[in-house]
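Visitor: after the sequence you'll find the predicted model.
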Amino acid sequence: MTKPSIDENSALLYGNRFLTEDAPDKDFPDGGMSALDAMRLVGEELALEGDPQRNLATFVTTWMEPEAQRIITENLYRNFIDHAEYPISAEIEQRCVRMLADLYHAPGETTGTRTQGSSEAIMLGALSLKWKWKQRREAASLPVEKPNLVFGGDVHVVWEKFCRYFDVEPRIVPLQEGKYTIGPEDVQPLVDENTIGVAAVLGTTFTGHMDDIVGINELLVDLKAEGELDVPLHVDAASGGFVWPFLYPGSEWDFRLEQVRSINVSGHKFGLVYPGVGWLIFREESDLADDLVFYENYLGKTDATFTLNFSTGAAMVLAQYYNFVRLGRQGYTYVMEAMQKNARALADKLEELGDFELIGAGKEQLPLVAFKLVEGKNYDEFDLSWQLSAERGWMLPAYTLPPNAEKEKVLRALVKETLSREQVDRLAGDIAQACKTLGEKGGAHPNERKQVKTGTGY
């Protein structure tokens, strides 16, 4: 057996051989390495990624309590779909479904499912809208070739993906300068006998506001009363579904409204769970199209499944249940109010600087601050995003709004549970300093602007 070289012995004793070697990145490795080396290699690769404490773009949860992390770690092996082997995980999923149905004022027995996130939940909810529309049309001996779906330009891209993937005409209401959500006056001209449903957003990723869900519901109720159209309303509450019940409990947007038939929400956003977990809740069991439910005999047990994914971990479902029983209504209210107070503190500080115009201040909103520069600056929002990142490591997204408001440039600071008041003060100070620097140098260099974070977060 060949003895290790002095350098190999030294690496074993004192360090990691990949400190001086390239990391595998193309060819499948011929041999392996020690567990410690592999762990350190991955850790070193990740060291240059952004600091989640300074990420003001992502809606996704980046911190959980140690007890929740332990539950996740100890249950990563559980395959959620294997109900024969892990029946309690399936029961806990249904507990969460029932709790959410109660939170959203479902009138009686209902159904729902966990998903990988709101994207899958939206796909499933929209598929049910299409199938239910198809059933109604076929029962009346009417054609089913031209389904359409109505939604605003303020939705997540998954709605357009659904339409393309499942052959549905998207009828998109464009936004306007100064009008970043949609209402009944926008929806009415687009609804007809081929409309499978209307989608409304609770907490947009662009400005954090909600569509006029009450007004859209009233429109659909009136159309139904006229006897010709019965168009269901789906609420995309990916971000707002864990905010509005606690910050604005009197605001009606959920199953208290007659035409709201289904709701999706992301557990890994303001549900305060690590990715990925989402939820789809129906108003009544009959709102789920029977043809979309499969009965699978998997490892000796027949179960009804309604998902796009099959094998997936149960850990995040268990973590969601942990949060529900750990926090309850009082705990979630406390967390949401704390985030809202810090968001308002940041908004006040930005307003005091005199350099910014707040967007939608005073309206019901997610715990965030959407703002833009006042006119007359020799730099723009993208320059400021770059300067903050370069100087202080803050990931503050800058972006333009969807058509027809694409001329509007917006900055958005998401204030999450981990952004303390002291950090809010520091952020405001760093923004003021970045503005001063940019004013003196006249904006960012074109090469710098290419590196600006322009997404709205997920």
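Guide: Happy to help now that I have it.
Visitor: show me the strands in the stretch 101-250 of the chain, by range?
Guide: Remark: strands assigned in the stretch 101-250 of the chain by DSSP state E, counting those that start in this stretch are 112-115, 148-152, 169-173, 195-201, 233-236.
Visitor: so can I have TSV of those strands showing distance to Pro367, mean pLDDT and mean neighbour count?
Guide: C-beta: built from backbone N, CA, C; applies to glycine. Converted to TSV, the strands of the stretch 101-250 of the chain look like this (distance: least, C-beta to C-beta, whole Å; pLDDT from 0 to 100; neighbours: other C-beta atoms under 10 Å):
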stretch	distance to Pro367	mean pLDDT	mean neighbour count
strand 112-115	24	94	26
strand 148-152	22	98	24
strand 169-173	26	98	17
strand 195-201	16	98	26
strand 233-236	18	98	28
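Visitor: can you tell which of the ones you listed is closest to Ala140?
Guide: strand 195-201 (14.8 Å; C-beta to C-beta).
Visitor: any idea how far that closest one is from the chain center?
Guide: Offset of strand 195-201 from its chain centre (C-alpha atoms, centre = their mean, to the nearest Å): 18 Å.
Visitor: what angle do it and strand 169-173 make?
Guide: In terms of direction (axes from the mean of the first three to the mean of the last three C-alpha atoms, to 10 degrees), strand 195-201 departs from strand 169-173 by 40 degrees.
Visitor: strand 195-201 packs against which elements?
Guide: helix 118-139, strand 148-152, helix 213-225, strand 233-236 (3 or more C-beta pairs under 8 Å, 6 or more residues apart in numbering; DSSP states H and E).
Visitor: recalculate using a threshold of 6 Å.
Guide: Here strand 195-201 touches helix 118-139, strand 148-152, strand 233-236, going by 3 or more C-beta pairs under 6 Å, 6 or more residues apart in numbering; DSSP states H and E.
Visitor: most packed of these?
Guide: strand 233-236 (a mean of 28; mean count of other C-beta atoms under 10 Å).
Visitor: listing partners with orientation, what would you give for it?
Guide: When pairing is defined by DSSP bridges, strand 233-236 lines up against strand 195-201 (parallel), strand 260-266 (parallel).
Visitor: any weak-confidence spans in the protein?
Guide: Along the chain, the parts satisfying pLDDT under 70 run over 1-8, 10-20, 296-303, 448-458.
Visitor: and Gln69, how far is that from Ala432?
Guide: Using C-beta to C-beta, to the nearest Å, Gln69 is found at 36 Å from Ala432.
Visitor: just to revisit the earlier point, could you dump the strands paired with strand 233-236 to CSV with distance to Trp279?
Guide: Below are these laid out as CSV (distance: least, C-beta to C-beta, whole Å):
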stretch, distance to Trp279
strand 195-201, 16
strand 260-266, 5
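Visitor: how about these, which one is nearest Asp167?
Guide: It's strand 195-201; of those, that one is closest to Asp167 (C-beta to C-beta) at 11.4 Å.
Visitor: just want the angle from the closest one to helix 213-225.
Guide: 160 degrees.
Visitor: all helices of the stretch 351-458 of the chain, in order?
Guide: Per DSSP state H, counting those that start in this stretch, the stretch 351-458 of the chain carries helices over the ranges 381-392, 421-441, 446-449.
Visitor: so which of the ones you listed is the most packed in?
Guide: Compared across the helices of the stretch 351-458 of the chain, helix 381-392 shows the largest average neighbour count, a mean of 22 (mean count of other C-beta under 10 Å).
Visitor: any idea which of the strands paired with strand 233-236 gets closest to Gly178?
Guide: Nearest of the strands paired with strand 233-236 (C-beta to C-beta): strand 195-201, 17.6 Å.
Visitor: who wins for proximity to Trp244 among the helices of the stretch 351-458 of the chain?
Guide: Once those are compared by C-beta to C-beta, helix 421-441 is nearest, at 22.7 Å.
Visitor: measure how the closest one sits relative to helix 381-392, angle-wise.
Guide: For helix 421-441 against helix 381-392, the angle between stretch directions is 120 degrees (the same axes, to 10 degrees).
Visitor: contacts for helix 421-441, please.
Guide: Contacting residues not belonging to helix 421-441 are listed as 342, 345-346, 349, 353, 355, 379, 383-384, 387-388, 392 [C-beta atoms under 6 Å, 6 or more residues apart in numbering].
Visitor: the residues you listed: which two are farthest apart?
Guide: Using C-beta to C-beta, the two most remote members of those are Asn342 and Tyr379, lying 26.6 Å apart.
Visitor: contacts only, for Val374.
Guide: Residues near Val374 by C-beta under 6 Å, 6+ apart: Glu357.
Visitor: rerun that using 10 Å as the cut-off
Guide: By C-beta atoms under 10 Å, 6 or more residues apart in numbering, the contact list for Val374 reads 353-357.
Visitor: which among the helices and strands packed on strand 195-201 is found nearest to Ala199?
Guide: If we rank the helices and strands packed on strand 195-201 by C-beta to C-beta, the stretch that ends up nearest is strand 148-152, at 4.0 Å.
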